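Novice: Give the three-dimensional model of this entry:
(2 chains)
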Amino acid sequence: MIANTNKELKLIEKAAYDFSRKELWPEREENDKFPFGPFFDASLKKAYDLDFFHSILPETYGGIGQGISTLCVILENICREDSSLGGIIFTNSAAYEILIESGSEEILKKLTESADQVNKFLIAFPVFSDPSQVRHMLKATKGNDGYELSGSMEYLVLGSIANQAIVPARIQGTDSYSFFLVDLKGKGVKVSSPIHSLGLHSCPAVDLTLSNTPGKLLGQEGQGQTYFKKMVDRLSVAAASMATGIMKGSFKEAMDYTKERSQGGRKIINWSEVKLMLANMSIKIKNAEMSVAKACQALDTKESGWKECSRAAALLTQETACDITTDGIQVMGGVGFMKDFGQEKRFRDAKHIQAVFGITPVKKIKHFEELL
Amino acid sequence: MVTRKEIKALTEREPRFDDMTSSVRAVGNQPKWITNEIREVMAIARKFTDEVVRPYVLELDLELTKNPAYLPWEFIKKANEWGLYTLFVPKMFGGQGYNLSCCGVFFEELGSACLAMANLVGVHYLGYTMLTASWNVRMLNKISLDIVDGQKKGEPCLLTLAMTEPDAGTDSQNLEMMDTGNLRCHAKKVDGGYILNGTKIFISCGHLSQWHIVHAYTDLKRASDNTVMIAVRTGTKGFSFGKKEKKMGQQGCPASELIFSDCFVPDENVCLDNRDAIRLKRNIAGTNEQIFAYIWGASRMGVGSFGTAAARNAYEEALKFASENELDGQLLINHEWCQCMLAEMYRNVAVSRATYLEATQANAMHGLWKPMNRKSLYYITKFTPARLMEKLVGWVAEKPIATTIFRKLCLDGQTEEEIDRIDGWGSIAKITGTDAGNKNCQIALEIMGQAGLRHSNRAEKILRDAKLLQIYEGTNQVNRVNVFKRLIKRSSSQAEAFSQNNI
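Specialist: Below is the predicted model:
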């Protein structure tokens, strides 16, 4: 990430990129076969041991305490080679943000202290969709022993690998929803097979059905949307950094290939049309980087308008990443379309990251309405 | 107001009247009955997609995701039963003889249900196009009879076009680049035939096909005027299949490696080589260039219709989603932004279709199927009993004079302006349709959000399938240079295209 002179951050950036190249890149094609191939447990464990999952947490909970920039640096570098792991880190971070925003300190303490394994630490979360726009919402009923949740919900990310989930549910008699922590190994929980989707194959999502499943209320009743919006404002820039990472990976692979491949008696990098495509890619990527860097700085210093910066960075970079990865395939021709190379996965992942957060024009309109 | 001389001069000025108005000029020029045929072919395609393609779309794609080695023999057999591999084979060669002007519409219909399955049918006609472009009547008859026989016996006989090589993609498809490229598929002349050595890659439907129309070269350093177009049958000694590519999309249609290792192919399987080319009006390189234009003019029109199909399929999925899902208490379809995006998608489909239809008419009047669309020949072949025609053609096809006449008419008879027009419009249709297809797929997922990502909802598959369209049959970038070469370059005396002097 540009505009970063923080030494500690530089070290984290290097660690994340090294991990990405050495651990993720060689296995990306195999790992992408999930759920029709094995899950990359070993890589996930290594990433956990390297503390990539703790960056968002305050130092009191074992976090790094470097603000949003740390998470962005990690995500960007991981996503250069395999955004599935980026998706896992992002989802988990979003779930922990909800815990932080809802003041669920006891749960935070318990989860961070007892998590000797990644599965115990991970929290599944329908991170990508705005619960207020979901038609079918889980129902919560208050009984003597607390709340019980019933109903079904779609696209619970990490649902097949995490031990617990944060889910939105509407308490009977209230208009707005609340968030609940649910034990995924507990009573009445049914989890579907991982949903086969466009991209992020190793960041599995499931459909969830609950039947009188105990759920622990997070924060206040009916305040789910408040916590969700705060999380979105903060983490939009992290989503932007994922898109930026994908673009950088796509650009590098495209450029490396054009230096090797010859057609028409010359390296294809010397075709000016190819040069122009690469030039356009590099210009857009630099602008995306600047956008993310500015949003990080604004957010970390709580500069006025930081929320706008964060959301705008996400909307811009997610769209740009779709263009860049399309060209990333195109400059490589036929091989760019094949799974032996990394470009087709980046193309799918970029579109996935844009679409999975919701309906793009609606996100744009909502963003604009916040400015009014 | 204007004199006859002025009309000629003013309408020959760029942009030229003839280049602008293929569809307009086709009115009156083309047999009226073709409209009925197009309507009929559209109905056949719709029935086939309803009964065979749509119920199988997700299953086939998922099968390939799980097992990349899978070959869709079942589908091929089904398409064969439906007669799809003889649909556009001329009646005089035993086929059903639907006019090639129906092709675009037919493949738009198939492709708007599944591009992979459309390709499992379409690639066969790509091979057939290459064979036809040689105007070798004997070979056309021989291979057509095999296709027809395969239909009768329930043993599909498909064709491929084998041009691309590991180190020569663009280089293998453009005459100007052949000699500086890395073409390696060598054809050595020996008594009674050629010995082939080399590899072809990305050959669609290779593993599923019986005949492969191969471009090989007797002199690898000067391939542009030493090309041999030769038909190789699956099972020929020295010919084998290599790997099958793992593609992001269009997974159901295999992209195959063809390996030739001291593969002897007899002279009787030669479609065109320099012994024939030397007898034609143009020099040998000129003839090879003309053949490329014949193939690309037709096949890129077809890819344009595939692109239109992708655009349409994405539009239809988005429309369905918007009609069934609410946001903020209102169906998406009643949000103005959504109406405008759907309108944009509809426009993309409409413009692409108009473009490939224009290219179709350019081909019909100036390109590959020009002879078949002459009213006299069209109606004779249409209404002469098939058995009588087959007998007659079977006898005539073996006479070298038949090939000589067709080549005289079709190759020597085609003007440079016609070559420019069909090749230029092929590229325009290809770029327009495939860019629109990809654009609509992106828009569809923007409208559908998370729901669009699920395999079971189809939209993500259309996006994966559509991307390949911008790459095969020449990347869209190469096709842009080709538009420049065919329709723009002549406006500037110093312009060069696909030249070593270009930077």
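
Novice: all strands of the chain, in order?
Specialist: Just so you know, I chose chain A. A:123-124, A:138-143, A:146-157, A:164-171, A:178-183, A:189-191, A:205-218, A:262-263, A:266-267 (DSSP state E).

Novice: Wait, chain B was what I had in mind.
Specialist: Using DSSP E, strands in chain B cover B:159-162, B:186-190, B:193-204, B:211-217, B:227-233, B:239-244, B:255-266, B:270-272, B:326-327, B:330-331.

Novice: Show me what from the stretch 301-450 of chain B comes close to chain A.
Specialist: B:325-328, B:332, B:337-338, B:341, B:438, B:442, B:445-450 (Cβ under 8 Å from any Cβ of the partner chain). (Glycine included, C-beta is placed from N, CA and C.)

Novice: Taking those, tell me the two that lie furthest apart.
Specialist: Using Cβ to Cβ, those reach their maximum pairwise distance at B:328 and B:438, which is 29.8 Å.

Novice: Inside helices: which ones of the residues of the stretch 301-450 of chain B next to chain A?
Specialist: Among these, the members found in helices (DSSP state H) are B:337-338, B:341, B:438, B:442, B:445-448.

Novice: which ones are touching residue B:456?
Specialist: A:196, B:58 (Cβ atoms under 8 Å, 6 or more residues apart in numbering or on different chains).

Novice: per-residue pLDDT, whichever residue of chain A sits closest to chain B?
Specialist: Here chain A gets closest to chain B at one residue, residue A:265, 3.1 Å apart by Cβ to the nearest Cβ. pLDDT recorded at residue A:265 is 85.

Novice: From residue B:225, how far out is it?
Specialist: 17 Å (Cβ to Cβ, to the nearest Å).

Novice: now residue A:179, nearest residue through space, not along the chain?
Specialist: In this structure, residue A:179 finds its nearest non-sequential neighbour in residue A:218, 4.3 Å apart by Cβ to Cβ, 6 or more residues apart in numbering or on different chains.

Novice: show me where pLDDT drops low in chain A?
Specialist: A:1-5, A:128 (pLDDT under 70).

Novice: switch to 50 and redo it
Specialist: Applying pLDDT under 50 to chain A flags the ranges A:3.

Novice: Over stretch B:475-487, what's the mean pLDDT, rounded is fine.
Specialist: 97.

Novice: can I get the CA coordinates of it in PDB?
Specialist: Taking Å, rounded to 0.1, in the frame of the first residue of the first chain, the C-alpha atoms of stretch B:475-487 are listed here in PDB:
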ATOM      1  CA  THR B 475      -8.800 -11.500 -29.700                       C
ATOM      2  CA  ASN B 476     -11.000  -8.500 -30.000                       C
ATOM      3  CA  GLN B 477      -7.800  -6.400 -30.100                       C
ATOM      4  CA  VAL B 478      -6.600  -8.300 -33.200                       C
ATOM      5  CA  ASN B 479     -10.000  -7.900 -34.700                       C
ATOM      6  CA  ARG B 480      -9.800  -4.200 -34.300                       C
ATOM      7  CA  VAL B 481      -6.600  -4.200 -36.200                       C
ATOM      8  CA  ASN B 482      -8.400  -6.300 -38.800                       C
ATOM      9  CA  VAL B 483     -11.200  -3.700 -39.100                       C
ATOM     10  CA  PHE B 484      -8.500  -1.100 -39.600                       C
ATOM     11  CA  LYS B 485      -6.900  -3.300 -42.300                       C
ATOM     12  CA  ARG B 486     -10.100  -4.100 -44.100                       C
ATOM     13  CA  LEU B 487     -12.100  -0.900 -43.900                       C
END
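
Novice: Do a quick rundown of the helices in chain A.
Specialist: Under DSSP H, chain A gives helices at A:7-19, A:28-31, A:41-49, A:68-79, A:83-101, A:105-114, A:118-121, A:224-260, A:272-300, A:306-330, A:343-356, A:360-371.

Novice: worst-scoring helix or strand of chain B, pLDDT-wise?
Specialist: Least confident helix or strand of chain B, by mean pLDDT, DSSP states H and E, is helix B:386-397 with a mean of 85.

Novice: Show me what counts as buried in that helix.
Specialist: For helix B:386-397, the neighbour count (16 or more other Cβ atoms under 10 Å in any protein chain shown) marks B:389-390, B:393, B:397 as buried.

Novice: and it, what does it pack onto?
Specialist: Helix B:386-397 is packed against helix B:137-153, with contacts defined by 3 or more Cβ pairs under 8 Å, 6 or more residues apart in numbering or on different chains; DSSP states H and E.

Novice: next one: stretch B:279-286 to chain centre, how far?
Specialist: 24 Å (Cα atoms, centre = their mean, to the nearest Å).

Novice: how about that stretch: buried residues?
Specialist: In stretch B:279-286, counting by 16+ other Cβ under 10 Å, buried: B:280, B:282, B:284-286.

Novice: Ramachandran angles for residue B:210?
Specialist: Residue B:210 adopts backbone torsions of phi -100, psi -30, taken as degrees, to the nearest 10.

Novice: Which residue, neighbours along the chain excluded, lies closest to it?
Specialist: residue B:157 (4.5 Å).

Novice: returning to what we had before: using CSV, lay out the buried residues of stretch B:279-286 together with pLDDT and distance to residue B:350.
Specialist: Listed next are those as CSV, based on pLDDT from 0 to 100; distance: Cβ to Cβ, whole Å:
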residue, pLDDT, distance to residue B:350
B:280, 96, 40
B:282, 96, 38
B:284, 96, 42
B:285, 95, 39
B:286, 96, 38
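
Novice: The residue of chain A closest to chain B and residue B:497, how far apart?
Specialist: Residue A:265 is 15 Å from residue B:497, by Cβ to Cβ.

Novice: for residue B:469, same thing?
Specialist: 23 Å.

Novice: Compare neighbour counts for these two and give me the winner.
Specialist: More neighbours surround residue B:469 than the other of residue B:469 and residue B:497, with 28 against 15 (other Cβ atoms under 10 Å in any protein chain shown).

Novice: follow-up on the earlier one: widest-spaced pair of the buried residues of helix B:386-397?
Specialist: Using Cβ to Cβ, the buried residues of helix B:386-397 reach their maximum pairwise distance at B:389 and B:397, which is 11.3 Å.

Novice: Give me the nearest residue to the residue of chain A positioned farthest from its centre, chain neighbours excluded.
Specialist: Ranking residues of chain A by C-alpha distance from their mean position (Cα atoms, centre = their mean) puts residue A:265 at the top, at 43.0 Å. Excluding the flanking residues, the one nearest residue A:265 by Cβ to Cβ, 6+ apart is residue B:180, at 3.1 Å.

Novice: Could you report the neighbour count for the one you found?
Specialist: Residues near residue B:180, counting by other Cβ under 10 Å: 17.

Novice: if I pick residue 188, what's in contact with it?
Specialist: Going with chain A. Residue A:188 touches A:150, A:210-213, counting by Cβ under 8 Å, 6+ apart.

Novice: nope, chain B
Specialist: B:194-197, B:218.
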